[in-house]
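In: Predicted coordinates and the sequence they were generated for:
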Amino acid sequence: MNKVVLYKLDVSTEVELPFADGGIRAGFPSPSQDYLEESLNLNEELIHNPAATFIGRVVGDSMTDANVHEGDLLVIDRSRDAQDGSMVVGYLDGEFCVKTLDLSEQRDGIIWLVPANDRYPRIRVTQDQNFRIWGVVSYVIHRI
């Protein structure tokens, strides 16, 4: 199971990075711009509610097919409502984990936490277990 190590978020500093506002083409190349007029503040781009946002580091490989790998950073927003199909950080029986939320059987009191790696089983969560959705993953940051 993927575990998540959580960190408090520091939004006290701002770093303005040059930003290619016209986009960087992934198809056919376009005429290049010799300058960048815009800048981008990653705090403003990635963090919509600083008081409810945390960073988590992924430990494990149960989400690799969702392009979430060991060592990746998760931007976790605790103010967002989790929906069916959301990638969430859950607190299950004393541990944090990252999985995709399956609410298709919620009416029967069952929630599924779904890995993105065939080597791991789905986790059936019932009302009898110590479980809560701790936050919704809004961004995954990983090194190439």
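Out: That came through, no problem.
In: ranges for the helices of this structure?
Out: Using DSSP state H, the helices found in the chain span residues 42-46.
In: Can you pull out the low-pLDDT segments for it?
Out: By pLDDT under 70, the weakly predicted segments of the chain are 1-2, 7-11, 14-37, 40.
In: shouldn't Ala82 be in contact with Val89?
Out: No: contact criterion Cβ atoms under 8 Å: Ala82 and Val89 do not qualify, at 9.7 Å. The way it works is simple: take the backbone N, C-alpha and C, and place the C-beta from them, glycine included.
In: Neighbour count for the two, which is higher?
Out: In this view Ala82 and Val89 are compared by other Cβ atoms under 10 Å, and Val89 has more residues nearby, 24 against 18.
In: show me the contacts for the more buried one.
Out: Contact analysis of Val89 by Cβ atoms under 8 Å, 6 or more residues apart in numbering lists Val4, Gly56, Leu74, Ile76, Phe96, Cys97, Val98, Ile133, Trp134, Gly135, Val136, Val137.
In: For those, pick the one with the most neighbours.
Out: Neighbour counts for the contacts of Val89 (other Cβ under 10 Å) peak at Val98, which has 30 neighbours.
In: how near is it to Arg119?
Out: 16 Å (Cβ to Cβ, to the nearest Å).
In: Give me the longest strand you can find in this structure.
Out: Longest strand in the chain, counting residues (DSSP state E): strand 131-141.
In: what's in contact with that strand?
Out: By Cβ under 8 Å, 6+ apart, strand 131-141 touches 46, 48, 52-54, 67-68, 72-78, 80-82, 86-93, 96, 98, 101, 111, 125.
In: Check stretch 108-123 too.
Out: Applying Cβ under 8 Å, 6+ apart, the external contacts of stretch 108-123 come out as 1-2, 61-66, 68, 88, 90, 92, 97, 99-105, 124-127, 131.
In: can you do 10 Å?
Out: The contact list for stretch 108-123 (Cβ atoms under 10 Å, 6 or more residues apart in numbering) reads 1-2, 60-68, 82, 84-85, 87-88, 90, 92, 97-106, 124-129, 131, 133.
In: same thing with stretch 59-68?
Out: Stretch 59-68 has contacts (Cβ under 10 Å, 6+ apart) with 1-5, 58, 69-72, 74, 87, 96-100, 113-121, 123, 137, 140, 142.
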